[in-house]
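Engineer: coordinates only, sequence not included:
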């Protein structure tokens, strides 16, 4: 690291946001809420694509006469394409700002959705998915923006919005499938995919009404503008002043500098950030990186995208027949998923990230084992219609998406967006998003081949095993972050004793200021 200044080496104001009197703070800052909603709209595009492709592919396969391998590629390749956008989004957002990076995402997705809706053949359809994927990849900056504007008391609630909007988009995609399934085959899937242009237009214009991230403004030396934004998005003026002081300290700007614009070194630009993040990280940064990569990897490798993308096929295997019935049942999956994520938004800042995450993954393991068992029984009794096994399969599909959406779904984005130091945040979140998309792509592009090799039940037993490993990883390596400012995360991970998790209990909501950081008990 040489002589670079790190967050925990800077003396920060000895004031805790929690010490601000409650009577000075409204329950929720409406302006911050509005900004979080607008920034999260980019995830409607991702969710809509996931949901609509699950049904549109039924008609695409017949209309374009493609095989199962081409279907796997078509379904999963957008996640690998989004890797391109995710990798460059961090650097671009540090150069032009979080807000304009999200606008770029909307524009690129708009072009991709237009191409998909007008595609005359498989090649053009794949080109459209390439552009849509790059646009979705740029969207990883949205949680960064939301985390950077959110008051600490409601950061978990607001930063969970992207997952809410993903689920809303998935539900809209399922509804679109059902609504347009009666159109002629060559027209139905094109209408389903082409409708994606409308939310991208609304997003592009809506984002321009948002202010820029105050933390990005401080990194540019624009202190006056950052202060004005913080006053609008904080729960009180005192909190705004404290947040500005902490951001200045994290950016290496002396506390006495209060000019409108001050000169700053651009140390968050270029290869130096990646070197500090990956090649020569401090112990705390290394722990943050492992936590971020791990939570994103396990979120997708536990099989959620197979259930969402291939829900009609899985439901058909479970015993439901007919396109309308399959697409209608998929709407039920989307509805349960969306309702569950709404519950999660209110629990994140009350229960905490860690307890909710562990309970969520525990529920997923049980559901995956029971789903795998019921599908295996159905497989072995094809000559009989086992109503109880069919009912159990459908119930476990719904319970699995509910368990995922109430914890692991929203927490992955929330946790990753809040744990990286300011100087590394954009690139760190981009890296986490890249791991997320690659894992999702691999899982969704191998599901059909996997089911042929080890059966559908075998595939879900495998996902249950992965989820079990995930539970152990989360229990061992992820400390509680509820109630902490973004600038405190470096200290949290620097003092966190990774090997004594099992013996630790969290006193005083995990916010003790002295001694090693303790984890919140289950």
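Structural biologist: On my side now, so go ahead. Please read all numbers here as calculations on a predicted model, not as lab measurements.
Engineer: middle-most residue in the chain, spatially?
Structural biologist: residue 413 (3.8 Å; C-alpha atoms, centre = their mean).
Engineer: what sits against it?
Structural biologist: 143, 159, 160, 162, 163 (C-beta atoms under 8 Å, 6 or more residues apart in numbering). All C-beta atoms are positioned from the backbone trio N, CA, C, and that covers glycine.
Engineer: can we see that at 7 Å?
Structural biologist: 143, 159, 162, 163 (C-beta atoms under 7 Å, 6 or more residues apart in numbering).
Engineer: Can you classify it as helix, strand or coil?
Structural biologist: helix (DSSP: H, G, I helix; E, B strand; the rest coil).
Engineer: Nearest residue to it in space, please, no chain neighbours.
Structural biologist: Spatially, and ignoring its direct neighbours in sequence, residue 413 is nearest to residue 143 (4.7 Å; C-beta to C-beta, 6 or more residues apart in numbering).
Engineer: who touches that neighbour in this structure?
Structural biologist: 159, 162, 413, 417, 429.
Engineer: can you tell me the helix or strand for it?
Structural biologist: helix 141-149 (DSSP states H and E).
Engineer: Let me know the next secondary structure element after that helix.
Structural biologist: Downstream of helix 141-149 (by DSSP H and E), the next one is helix 155-159.
Engineer: what inclination does the helix or strand following that following helix have with respect to helix 141-149?
Structural biologist: Using DSSP H and E, the next helix or strand after helix 155-159 towards the C-terminus is helix 161-180. Here helix 161-180 runs at an angle of 140 degrees relative to helix 141-149 (axes from the mean of the first three to the mean of the last three C-alpha atoms, to 10 degrees).
Engineer: List of residues touching the helix or strand following helix 161-180?
Structural biologist: Counting by DSSP H and E, the element after helix 161-180 in chain order, helix or strand, is helix 185-194. Here helix 185-194 makes contact (C-beta under 7 Å, 6+ apart) with 52, 56, 59-60, 62-63, 113, 116-117, 176-177, 180-181, 183.
Engineer: Would you check which pair of the residues you listed lies furthest apart?
Structural biologist: Maximum pairwise distance among those (C-beta to C-beta): 21.8 Å, between 62 and 113.
Engineer: And the two? Which one has more around it.
Structural biologist: Just comparing residue 62 and residue 113: by other C-beta atoms under 10 Å the higher neighbour count belongs to residue 113, 27 against 12.
Engineer: Report the separation between the more buried one and residue 90.
Structural biologist: 24 Å (C-beta to C-beta, to the nearest Å).
Engineer: where does this structure dip in pLDDT?
Structural biologist: Flagging of the chain using pLDDT under 70 yields the residue ranges 1-28, 265-271, 383, 486-487, 496-522.
Engineer: thinking again about what came up before, from the contacts of helix 185-194, which is closest to residue 137?
Structural biologist: Of the contacts of helix 185-194, the one sitting nearest to residue 137 (C-beta to C-beta) turns out to be residue 113, at 14.8 Å.
Engineer: mind listing the helices for the stretch 151-300 of the chain?
Structural biologist: Here the stretch 151-300 of the chain has its helices, by DSSP state H, counting those that start in this stretch, at 155-159, 161-180, 185-194, 197-207, 214-219, 223-233, 237-250, 271-274, 283-301.
Engineer: and if you look at the stretch 1-150 of the chain?
Structural biologist: Using DSSP H, counting those that start in this stretch, helices in the stretch 1-150 of the chain cover 30-40, 42-64, 68-96, 98-118, 122-138, 141-149.
Engineer: by how many degrees do the second one and helix 122-138 diverge?
Structural biologist: If I follow you right, that is helix 42-64. 170 degrees.
Engineer: Between helix 68-96 and helix 42-64, find me the angle.
Structural biologist: 150 degrees.
Engineer: Would you reformat the contacts of residue 143 as a markdown table and include distance to residue 494?
Structural biologist: Output for these, formatted as a markdown table (distance: C-beta to C-beta, whole Å):
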| residue | distance to residue 494 |
| --- | --- |
| 159 | 22 |
| 162 | 28 |
| 413 | 23 |
| 417 | 19 |
| 429 | 20 |
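Engineer: Residue 50 against residue 309, yeah?
Structural biologist: Yes - with contacts counted by C-beta atoms under 7 Å, residue 50 reaches residue 309, the gap being 6.3 Å.
Engineer: re earlier: what about burial for the contacts of helix 185-194, which qualify?
Structural biologist: Among these, those classed as buried by neighbour count (16 or more other C-beta atoms under 10 Å) are 52, 56, 59, 60, 63, 113, 116, 117, 176, 177, 180, 181.
Engineer: quick check, nearest of those residues to residue 199?
Structural biologist: residue 113 (9.0 Å).
Engineer: Quick one: residues contacting the closest one.
Structural biologist: 132, 193, 194, 196, 197, 200.
Engineer: How about residue 461?
Structural biologist: So residue 461 contacts residue 372 (C-beta under 7 Å, 6+ apart).
Engineer: quick check: longest helix of this structure.
Structural biologist: helix 425-477 (DSSP state H).
Engineer: Determine how far it lies from the middle of the whole chain.
Structural biologist: 14 Å (C-alpha atoms, centre = their mean, to the nearest Å).
Engineer: for the following helix or strand past it, packing partners?
Structural biologist: Later in the chain than helix 425-477, the nearest helix or strand by DSSP H and E is helix 489-495. With contacts defined as 3 or more C-beta pairs under 7 Å, 6 or more residues apart in numbering; DSSP states H and E, helix 489-495 has these neighbours: helix 283-301, helix 408-419.
Engineer: I'd guessed residue 165 sits against residue 44; true?
Structural biologist: Yes - the pair residue 165 / residue 44 is scored as a contact, 4.9 Å apart, by C-beta under 7 Å.
Engineer: hang on, the earlier thing: export the contacts of residue 413 to JSON lines and tack on distance to residue 294?
Structural biologist: Output for the contacts of residue 413, formatted as JSON lines (distance: C-beta to C-beta, whole Å):
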{"residue": "143", "distance to residue 294": "17"}
{"residue": "159", "distance to residue 294": "18"}
{"residue": "162", "distance to residue 294": "19"}
{"residue": "163", "distance to residue 294": "18"}
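Engineer: and which of those residues is nearest to residue 345?
Structural biologist: Distances from residue 345 to the contacts of residue 413, taken by C-beta to C-beta, are shortest for residue 163, at 8.4 Å.
Engineer: Perfect, I'm done here.
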